[in-house]
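> this one's structure only:
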DNA sequence: ATAACCATGTAAATGGTTACATGATTAG
DNA sequence: CTAATCATGTAACCATTTACATGGTTAT
């Protein structure tokens, strides 16, 4: 699924600027299952304008560049529906944190902690974002997906907190030799 | 994190061919947090060979092409550790199924069902893969990550099954107008 | 017979990220 | 005064995906 389709999908929820579409991917309903940067959103929007999949209204703003508010055309709506009826690909996940945690035995204590915290905080923030959304007007699919996202995030945070010691202070027989010395800290006893 | 680093990481668990590395991403311990295809693995391996990050032993095989078994060099191990100590990026998730389920109100009933099944089956298979792994020799990080993956997959399957009706047979007031007529089926009553 | 599996690789096409470029406003 | 937010866009770079190319073995 390319950025074009994602933009069409976003616009089906209401007119928006490229800037606002980006925010949807960062903080809004889409944050937990897709992302896109300006470098792919703006070109996608311009391509779709020339294909007549979207319309554009220019809104003058003092000082700032003109706001360009995009809206779906009928053709765009048809294209969106067509794309949504293709065979879905499997999920693609790229989690650097999980790779790093997998190789905890090669990490310094400080890096292990840093990765752990990054991961937990990412999903704690995600939970907050999802909880702040107003779904009173939302269609059933959106509610379903929202509930799934929330559940997943909560599961991650819960697992991380429950198994913190397993990662950060493993029992000696769980930590084979070859570990990296830490340049900053050195807990003499470990988990006492 | 690029394919090169992922290959180094895989090789730190034991010598392997490109083909076997791919399998690790599909069925092994890595399946739930990263992926890579042949088109990126083989070039990565060759580049690393010229950078002396890996060694290669050719194993003759009757009929089949020579097997090329790669192993980490000391330089490769150092590079891996260096990469693992960088600041981790946030997770990137691309889930076409979730996008489609979000827009269930634009989908035909048959497509909704297809997407639902694709999603559930993906993670049911994932659970099976993870359960078949032998972790008796695994380091603590690997066990930690394995537990996390399993927990997440189980949570997804459980949520999907518990909320099946919400997606496939929503109550009328949860399904706003604009739904697409199905070309194959038509349930007259819905959830009575 | 046919499909799937083992096994490696290249080239072209696609597409996404990063850095650059501009510039006013507002909050700390 | 500085950083963040609003607002758009291009170009170079980087990486991945897909299709192509080869070819024997094993299971159905």
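It's in. Just so we're clear, the structure is a prediction, and the values are computed from it rather than from any experiment.

> domains of chain A?
A:3-84, A:96-174 (automatic domain parsing).

> With DNA strand D in mind, check whether the longest one reaches it.
Yes. Applying C-beta under 7 Å from any atom of the strand, one finds domain A:3-84 in contact with DNA strand D at A:17-20, A:23, A:38-39, A:42-43, A:45-46, A:61, A:64-68. Every C-beta, even on glycine, is put in place using the N, C-alpha and C of the backbone.

> and that domain, how far out from the chain's middle?
18 Å (C-alpha atoms, centre = their mean, to the nearest Å).

> Between the two ends of it, what distance do you get?
13 Å (C-alpha to C-alpha, to the nearest Å).

> now it: mean pLDDT?
Across domain A:3-84, the average pLDDT comes to 93.

> Show me what residue of chain A gets nearest to DNA strand C.
residue A:39 (2.3 Å; C-beta to the nearest atom of the strand).

> With residue A:3 as the reference, measure out to that residue.
9 Å (C-beta to C-beta, to the nearest Å).

> circling back to that earlier point, from the residues of domain A:3-84 next to DNA strand D, which land in helices?
Those of those mapping onto helices are A:18-20, A:23, A:38-39, A:42-43, A:45-46, per DSSP state H.

> Make a ChimeraX selection of the buried ones in the residues you listed.
Of those, the buried ones can be selected in ChimeraX as follows, counting by 16 or more other C-beta atoms under 10 Å in any protein chain shown:
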select /A:18,20,42,45
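
> So which of the ones in helices among the residues of domain A:3-84 next to DNA strand D is the closest to chain B?
Chain B lies nearest to residue A:39 out of those, by C-beta to the nearest C-beta, at 15.0 Å.

> Counting neighbours, what do you get for the residue nearest to residue A:58 when sequence neighbours are not counted?
Closest residue to residue A:58 apart from its sequence neighbours, by C-beta to C-beta, 6 or more residues apart in numbering or on different chains: residue A:66 at 4.9 Å. Neighbourhood size, residue A:66 [other C-beta atoms under 10 Å in any protein chain shown]: 11.

> Touching, residue A:66 and residue A:56? I think so.
No. Residue A:66 is beyond contact range of residue A:56, at 10.1 Å (criterion: C-beta atoms under 8 Å).

> Dump the ones in helices among the residues of domain A:3-84 next to DNA strand D into TSV; add distance to residue A:76 as well.
Below are those laid out as TSV (distance: C-beta to C-beta, whole Å):
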residue	distance to residue A:76
A:18	15
A:19	19
A:20	17
A:23	20
A:38	21
A:39	22
A:42	17
A:43	16
A:45	11
A:46	14
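
> out of the ones in helices among the residues of domain A:3-84 next to DNA strand D, what pair is the most spread apart?
Of all pairs drawn from those, the greatest distance, 19.0 Å, lies between A:23 and A:46 (C-beta to C-beta).

> Tell me which stretches of chain A form helices.
Going by DSSP H, chain A shows helices at A:3-11, A:18-26, A:38-50, A:74-84, A:96-102, A:109-132, A:140-162, A:164-168.

> Generate JSON lines for those, with distance to residue B:51 as supplementary columns.
JSON lines is the format used below for the helices of chain A (distance: least, C-beta to C-beta, whole Å):
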{"stretch": "helix A:3-11", "distance to residue B:51": "33"}
{"stretch": "helix A:18-26", "distance to residue B:51": "36"}
{"stretch": "helix A:38-50", "distance to residue B:51": "29"}
{"stretch": "helix A:74-84", "distance to residue B:51": "41"}
{"stretch": "helix A:96-102", "distance to residue B:51": "20"}
{"stretch": "helix A:109-132", "distance to residue B:51": "24"}
{"stretch": "helix A:140-162", "distance to residue B:51": "35"}
{"stretch": "helix A:164-168", "distance to residue B:51": "31"}
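
> Identify whichever of these lies nearest to residue B:90.
Closest among those, using C-beta to C-beta: helix A:109-132, at 5.4 Å.

> buried stuff in the closest one?
Residues of helix A:109-132 classed as buried by neighbour count (16+ other C-beta under 10 Å): A:109, A:111-116, A:118-120, A:122-123, A:126-127, A:129-130.

> Report whether it contacts DNA strand D.
No. Applying C-beta under 7 Å from any atom of the strand, one finds helix A:109-132 out of contact with DNA strand D, separated by at least 13.0 Å.

> Would you confirm that residue A:153 contacts residue A:130?
Yes. With contact defined as C-beta under 8 Å, residue A:153 reaches residue A:130; the gap is 6.9 Å.

> Common neighbours of those two, please.
residue A:32 (C-beta atoms under 8 Å, 6 or more residues apart in numbering or on different chains).

> Next, count neighbours for the residue lying closest to residue A:32 once chain neighbours are set aside.
Nearest residue to residue A:32 in three dimensions, chain neighbours excluded: residue A:149, at 4.2 Å (C-beta to C-beta, 6+ apart). Residue A:149: 24 surrounding residues under other C-beta under 10 Å.
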